[in-house]
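Novice: Turn this into a model:
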Amino acid sequence: MTYFDTLKRSYVDVDTSKGIDTEQFLEATEGLVKLFDLLGSAAFSVVQNDMNGNIKKIRERLLSNPTANATLQDLMATEAPEKKRVATEGLLWLTRGLDFTAQALRRSMDNPAEELNISFTKAYESTLRKHHNMLVRPVFSLAMKACPYRKDFYEKIGVLTDAALAQMKQWVEALENIISIIQDVFKANPAYIKGM
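Specialist: A predicted model of the protein is given here:
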């Protein structure tokens, strides 16, 4: 059994046909946050806490009006006229964290000889680093150095066969697709994140 078999919902099963289903996205993302436990370092708690805080902001918005916030696109559109766009800002930062994670895992899969600390460091440099100030960067740098050996991590997540690797690739591809959809919405609607 792999880590992906233990998830309440996989990104593969998130409905994106009429917009990204908010509840399904949150369920899948809560599963992703648990992946950081398997990296086995307290240094990643800062990443987890940040992601969990942003999940909470989006969930609170969803629960305030499940119909109006049924998809992430609806949520952003309904919150846009408000002065404080708490859930949208949460989604912006959560998407950045998801992009970091997806890029790190993609690098790891595409470069089987590369250790995780390199994959995660390169992903951090191309995603989150530009959004972090001088106080936050060293914290993330420490977390990257604390990555387990690639072999140990893949054992922990149960990705030891070609079938398990195919399952992981499918999950990462679904996550990358969702990230791309969210980023496109932000690009098409700069007003959503103005002042953030």
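
Novice: Buried residues in the helix or strand that contains residue 187, which are they?
Specialist: Using DSSP states H and E, the element containing residue 187 is helix 162-188. Using 16 or more other C-beta atoms under 10 Å as the test for burial, helix 162-188 gives 164, 167-168, 171-172, 174-179, 182, 185-186. Backbone N, C-alpha and C define where each C-beta goes, glycine included.

Novice: Equivalent analysis for stretch 19-35, please.
Specialist: 19-33, 35.

Novice: May I ask which of those comes out lowest in pLDDT?
Specialist: When the buried residues of stretch 19-35 are compared on pLDDT, residue 35 comes out lowest, with 91.

Novice: Tell me which entries of the buried residues of stretch 19-35 lie within helices.
Specialist: 22-33, 35 (DSSP state H).

Novice: Give me the next element, helix or strand, following the helix or strand of the chain with the lowest mean pLDDT.
Specialist: Within the chain, no helix or strand scores below helix 137-145, which has a mean of 74 by mean pLDDT, DSSP states H and E. Later in the chain than helix 137-145, the nearest helix or strand by DSSP H and E is helix 150-156.

Novice: ok, and what's touching that next one?
Specialist: By C-beta atoms under 8 Å, 6 or more residues apart in numbering, the list of residues contacting helix 150-156 from outside reads 3, 38, 39, 40, 108, 114, 115, 116, 147, 148, 160.

Novice: if you look at those residues, which of them are in strands?
Specialist: Among those, no residue falls in strands (DSSP state E).

Novice: Can you flag the buried ones in those?
Specialist: Using 16+ other C-beta under 10 Å, the buried ones in the contacts of helix 150-156 are 3, 39, 108, 115, 116, 147, 148.

Novice: List the ones among those that fall in helices.
Specialist: Per DSSP H, these map to helices at 108, 116.

Novice: Between which two of the buried ones among the contacts of helix 150-156 is the distance greatest?
Specialist: Across the buried ones among the contacts of helix 150-156, the longest distance by C-beta to C-beta is 19.1 Å; it joins 3 and 115.
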